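1. okay, predicted coordinates and the sequence, questions at the end:
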Amino acid sequence: DVKVTQSSRYLVKRTGEKVFLECVQDMDHENMFWYRQDPGLGLRLIYFSYDVKMKEKGDIPEGYSVSREKKERFSLILESASTNQTSMYLCASSTDHYEQYFGPGTRLTVT
Amino acid sequence: RKEVEQDPGPFNVPEGATVAFNCTYSNSASQSFFWYRQDCRKEPKLLMSVYSSGNEDGRFTAQLNRASQYISLLIRDSKLSDSATYLCAGTALIFGKGTTLSVSS
């Protein structure tokens, strides 16, 4: 079974803090993704990566950056957390055919 | 970006019913489509992949109509455990907002 793990299930941070969310997959997938999910807005793609050290902006990259130094690990960075970044963050990895497997999510609250 | 549209529901059906959801898409470049199931406060989980005209897995059937640009998910003999939100997505990495299904006894 594919396993995608995320570093925290719940996180509370203050406005202006730098936040790191980490994601690790164990299936040797090339593709990895970061989404946020908000009520009424659905899943929205923040960034994705097709290979190590490679990244592509998704639909809502503003205020975020990513890092992919190793194939199995994809990190999402909030440079200066703001209250409108309070959300559920979901990491996924996928096969070449884009069948995505999600981690359990990190519920981030920025106060 | 191109959109994926789903009827949000909720669809409220009794056990044993047959229910169908549609998902329309506007990005004709997507080669494959997927249905995911998401339980409350859980992550989405891949339910079915649709690479050609359709796919069937037990009580679940997914169909793709490229001419009309929609995919459908049919659930036969609904179970209480089918209650969830169903998301569709294409290879363009856009997800629909989901259709909520509630199956009652």
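-> Arrived safely. Residues are numbered from 1 along each chain as shown, chains lettered A, B, ... in the order given.
2. who's in contact with the closest residue in space to residue B:81 that isn't next to it in sequence?
-> Counting by CB to CB, 6 or more residues apart in numbering or on different chains, residue B:81 lies nearest to residue B:103, which is 7.9 Å off, once chain neighbours are set aside. Just so you know, the C-beta spots here come from the backbone N, C-alpha and C atoms, and that holds for glycine as well. For residue B:103, the contacting residues are B:13, B:14, B:15, B:17, B:78, B:79, B:80, B:81, B:82, B:83, by CB atoms under 8 Å, 6 or more residues apart in numbering or on different chains.
3. what's the burial count for the fourth one?
-> Spelled out, that is residue B:17. The local packing of residue B:17 (other CB atoms under 10 Å in any protein chain shown) involves 15 other residues.
4. do the same with the third one
-> Residues contacting residue B:15 under the criterion other CB under 10 Å number 12.
5. any chance you could map the strands in chain B?
-> Secondary structure of chain B by DSSP state E: the strands cover B:4-6, B:11-14, B:19-25, B:33-38, B:44-50, B:54-57, B:60-65, B:70-75, B:84-90, B:99-104.
6. and the ones you listed, which is most packed in?
-> Mean neighbour count (mean count of other CB atoms under 10 Å in any protein chain shown) peaks for strand B:84-90 among those, with a mean of 25.
7. what about that one, near chain A?
-> Yes - counting by CB under 8 Å from any CB of the partner chain, chain A has neighbours in strand B:84-90: B:87, B:89.
8. before we move on, back to that, any idea which of the strands of chain B gets closest to residue A:3?
-> strand B:44-50 (12.6 Å; CB to CB).
9. which one of the contacts of residue B:103 sits closest to residue A:5?
-> Once CB to CB is applied, the member of these that ends up nearest residue A:5 is residue B:81, at 25.3 Å.
10. helix, strand or coil for residue A:32?
-> Judged by DSSP: H, G, I helix; E, B strand; the rest coil, the three-state class of residue A:32 is strand.
11. pretty sure it sits against residue A:22.
-> No - between residue A:32 and residue A:22 there is no contact under CB atoms under 8 Å: 11.4 Å.
12. any shared contact partners between those two?
-> What both residue A:32 and residue A:22 touch, as defined by CB under 8 Å, 6+ apart, is the set residue A:74.
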